[in-house]
Every structure is written in C-alpha cells, then in structure tokens.
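Engineer: make a model of this:
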Amino acid sequence: MTITVKLKKGASRSVIYDISRLVTSIGWSGSASEASRSLDLSVVQNPFDKELISPEIETGDIVYFYTDSVLRLVGRVVSKTKTSSPGDVTVKVFDFMNLLLKSKVSYVFKNTTPEKIARRVLTDLAVPVGTLKRTGVAIKKWIVDEESAYNVIIGAYYRAYKKTKVKYMPVMDGVKFCIVEKGTDSGAILRLDENVTESSVDESAEDIVNRVVIYDDKGKKIGVVQDKDSIRLFGISQEIYKKEDGVAPKEGARALLQSPTKEAKISALGNIDCTAGKSVTVQDTVTGLIGRFWIEDDSHSFSGGTHTMSLTLSFQNLMEGAEADGAKPIATGDSVCFYSTGGDKFHSARKCGTGLVAPIKSTVNEAVKAGKQKCSRCWR
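Structural biologist: Model prediction:
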C-alpha cells in the first residue's frame with residue numbers, strides 16, 4: 001500500500017506540498033455515532049537537518065490523505081503539539097463535516113423530504129453537496145430553532161427511517177457531504193488465526209426498553225407496544241413516545257424498543273474498506289463471533305510499512321438520530337436537554353434517561369443551574 005500525505009498552506013494559497021516522507025505514523029479513525037473522521041499524524045521535525053526541512057504545519061492548514069492514490073480524507077488541522085527539541089510534531093485533523101456541528105440554523109420546513117432539507121442546509125452554509133440518499137418521505141411540518149446543522153440533517157433522515165426502516169449515515173466524499181445507507185458490506189472477512197490478532201465480546205441489558213406507551217399531542221394515552229418475552233425476563237423498562245406528524249404511532253414507538261446489546265472488539269491486520277457504518281463478516285469460533293456484524297468504530301494505524309486496525313462491532317444496525325441510540329451532540333449552553341427533578345444528570349434525549357420520571361425539557365444552562373451534571377453516555 002502506498003501512503004500519500006499532502007499539505008495545503010492556508011485557504012487562499014494554491015501550492016500543495018507532498019510531506020509523505022516526513023510522516024512517521026498515521027492514525028485514521030471514525031465512528032458511526034460521531035460526525036467527523038479524524039487523522040492523527042506524527043511528522044518529523046529537525047530544523048538542523050536540511051534534508052528534513054518542510055513547510056511549517058499550522059492550525060487551519062488543509063491536509064489530504066491518500067492510500068494507493070485514493071483520497072481517504074481531506075480536512076483541516078485543528079491542533080498540533082510541537083517541542084523545542086528535534087522530534088515529531090503531532091497533528092490532529094478533522095474532515096469538513098466537523099463544521100456542520102458548529103453551525104447553528106433555524107428553519108420552518110413544510111411538506112419536504114430529508115434530502116431537500118439536507119440540500120437546503122448545505123447550500124446555505126456553502127458546503128458542497130454529494131450524493132444524498134433518496135427517501136421519498138415527506139415531513140409534514142418541522143420547526144427547527146437554533147439547532148446544529150448536523151443534527152438537523154440527521155434528524156430529518158431519522159424521521160424518514162421511522163417509515164422506511166432504512167438506516168442512513170453521513171459521510172464525506174472529499175469535501176462533499178453525502179448521505180448513504182448504513183450497513184453496506186465492506187467485503188472484508190476476518191478470521192481467527194488468519195488476520196485477527198485479538199477479539200472480545202461484551203453483553204449488557206443495562207439500556208433495554210421493552211415497553212413504549214404512546215401519547216397523542218394532547219397528552220392522551222392512545223396505545224402501547226411491548227416485547228413480552230423481554231418483560232418476562234427483565235421486568236418492565238418503559239419509554240414514552242409522542243405521536244409525530246407523518247409517522248404511524250406504533251411504527252414510531254417500535255423504533256424505541258431496545259433489546260440487550262452485544263458489542264465486540266477486534267484487532268486485526270488492516271483492511272482499508274473496514275470503516276464505521278459498514279458491515280464485516282467474522283469467523284471466530286472462540287468468542288462465537290460468526291456472521292455479519294456492523295462496524296460502530298474503527299481505528300487504523302499506519303507505521304513502518306504496517307497497517308493494523310481495531311474495530312468495535314455491533315450485533316444491531318442502529319441509526320443515529322435526534323432520539324436515536326448513539327447520537328452524541330455537543331452540550332452547548334443553549335442545547336435542549338431533559339432531566340427529572342429527582343435525578344442528578346441531564347440527557348440529550350428522553351430515551352437515554354430511561355429512568356426519567358416526568359422528564360423536564362430544558363436547556364443545558366438551566367440544567368446546570370439546577371445542579372444537574374452532563375450524562376457522559378449521551379453527550380460528547
């Protein structure tokens with residue numbers, strides 16, 4: 001595999017430097033529940049060696065990362081660490097999806113699809129638009145008030161998911177923002193004693209939801225969906241669903257049911273196609289990991305001509321969304337949150353706090369004033 005790293009100095013400059021020979025190690029990673037993919041570089045620094053002189057890497061510079069001439073990430077330098085003695089400079093790069101997290105927007109949408117919503121938000125923020133998965137689902141009415149652009153787009157597609165049952169995921173194709181179907185096959189097969197070096201499996205019933213009570217917009221109870229087998233085994237763990245326009249109440253409620261979770265971790269020889277949001281086939285008889293699994297997190301390392309990877313695998317293919325598991329927004333002061341009077345934490349969504357009693361809708365600032373602390377499970 002040929003690794004290429006290029007550097008563009010400043011947004012207005014046209015000169016691009018090839019710094020590949022100065023890069024000693026690379027970390028390339030992403031998560032199905034995080035907005036941006038990231039790149040961590042170690043770059044040789046020795047001002048006394050004329051053959052190693054390179055352009056100074058500064059925050060704001062643009063970095064291009066290629067494997068075998070295929071562009072894997074283009075992003076902006078957000079931080080660097082440099083010492084006074086000769087050695088490596090460490091650099092952190094995020095792709096441009098990170099900008100959508102920091103940009104707040106307000107809209108009133110009527111009778112429009114998620115793909116049209118995404119295109120409008122991206123166009124307003126001058127973000128190049130790539131392929132946007134078509135849903136054909138019209139959102140009757142949706143008022144967005146000072147929400148991050150990223151959450152608006154994901155929230156729109158999550159509303160479509162409740163009807164189509166197709167999981168959607170944002171990815172960057174170079175500088176273009178795209179929405180693709182989550183869970184497409186990576187084509188990789190991981191086998192014990194062949195390309196897998198270590199594996200483990202964790203199981204948890206901590207976050208189960210096995211009964212969902214449905215209410216209309218006037219607060220009247222109109223239905224219940226439940227998993228009777230789960231209730232017999234674990235007892236009742238209940239969630240509330242409020243009827244939404246354009247969504248069948250029972251379908252929306254079923255999307256909140258949560259079975260016990262299993263999570264696997266695998267270390268293996270690197271495969272460049274194994275990235276978060278895709279699926280992978282595993283054949284590991286020792287841990288019982290046999291079949292197709294979804295990649296929730298990936299971390300690839302390139303050093304000394306060796307490519308290795310660490311993957312977190314899920315037994316369920318879940319979609320990120322405003323009320324979905326795995327959605328981890330940034331807790332800014334005016335972010336909407338939920339808490340109960342007797343609880344000590346505030347949550348980004350009602351579902352995270354499955355034990356919330358009469359949840360209070362508030363903002364992070366007000367929750368902090370009320371003595372609540374951030375739930376690390378649902379906030380970044």
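Engineer: remind me, longest strand of this protein?
Structural biologist: strand 289-303 (DSSP state E).
Engineer: so what are the sheet partners of it and their directions?
Structural biologist: strand 23-31 (antiparallel), strand 279-284 (antiparallel), strand 306-314 (antiparallel) (DSSP bridges).
Engineer: roughly how far out does the second one sit from the chain middle?
Structural biologist: Same thing as strand 279-284. For strand 279-284, the gap between its own C-alpha mean and the chain's C-alpha mean amounts to 21 Å (Cα atoms, centre = their mean, to the nearest Å).
Engineer: what about dumping the CA coordinates of it to PDB?
Structural biologist: In PDB, the C-alpha atoms belonging to strand 279-284 read as follows (Å, rounded to 0.1, in the frame of the first residue of the first chain):
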ATOM      1  CA  SER A 279     -20.600  -4.300   7.800                       C
ATOM      2  CA  VAL A 280     -18.000  -7.000   8.100                       C
ATOM      3  CA  THR A 281     -18.000 -10.900   8.100                       C
ATOM      4  CA  VAL A 282     -16.300 -12.500  11.100                       C
ATOM      5  CA  GLN A 283     -15.400 -16.200  11.600                       C
ATOM      6  CA  ASP A 284     -14.200 -16.600  15.200                       C
END
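Engineer: show me the contact partners of that strand.
Structural biologist: Outside of strand 279-284, the residues within contact range by Cβ atoms under 8 Å, 6 or more residues apart in numbering are 183-186, 188-192, 196, 199, 264, 266, 274, 289-295, 311, 313, 317. (C-beta placed from N, C-alpha, C; glycine too.)
Engineer: in stretch 174-188, what counts as buried?
Structural biologist: 177-180, 182-183, 186, 188 (16 or more other Cβ atoms under 10 Å).
Engineer: what sits up against it?
Structural biologist: 32, 71, 74, 96-97, 100, 114-115, 118, 122, 127-133, 153, 157, 166-172, 271, 273-275, 277-281, 292, 294-295, 317, 319.
Engineer: repeat for stretch 227-242
Structural biologist: Residues outside stretch 227-242 that contact it (Cβ under 8 Å, 6+ apart) are 205, 208-217, 249, 252-253, 256-257, 259-260, 350-351, 354.
Engineer: the same query, at a cut-off of 6 Å, please.
Structural biologist: Residues outside stretch 227-242 that contact it (Cβ atoms under 6 Å, 6 or more residues apart in numbering): 205, 208-215, 252-253, 256-257, 351, 354.
Engineer: what is the mean pLDDT for that stretch?
Structural biologist: Averaging the model's pLDDT scores along stretch 227-242 yields 91.
Engineer: compute the first-to-last residue distance for that stretch.
Structural biologist: Using Cα to Cα, to the nearest Å, one end of stretch 227-242 lies 19 Å from the other.
Engineer: ok, which pair from the contacts of stretch 227-242 is furthest apart?
Structural biologist: Spatially, the most separated pair among the contacts of stretch 227-242 is 205 and 215, at 26.1 Å (Cβ to Cβ).
Engineer: related to what we said a few turns ago, generate a ChimeraX selection restricted to the buried entries among the contacts of strand 279-284.
Structural biologist: Typed into ChimeraX, the line below selects the buried ones among the contacts of strand 279-284, using 16+ other Cβ under 10 Å:
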select :183,186,188,190,192,196,199,264,266,274,289,293,294,295,311,313
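Engineer: over to the residue lying closest to residue 247 once chain neighbours are set aside. Which of the three states is it?
Structural biologist: Excluding its sequence neighbours, the residue lying closest to residue 247 (Cβ to Cβ, 6 or more residues apart in numbering) is residue 162, at 5.0 Å. Using DSSP: H, G, I helix; E, B strand; the rest coil, the structure places residue 162 in helix.
Engineer: compute the number of surrounding residues for residue 162.
Structural biologist: 21 (other Cβ atoms under 10 Å).
Engineer: could you measure it against residue 261, distance?
Structural biologist: According to Cβ to Cβ, to the nearest Å, residue 162 stands 21 Å off from residue 261.
Engineer: kindly report the same for residue 172.
Structural biologist: Taking Cβ to Cβ, one finds residue 172 at 28 Å from residue 261.
Engineer: which of these two has more residues huddled nearby?
Structural biologist: residue 172 (22 against 17).
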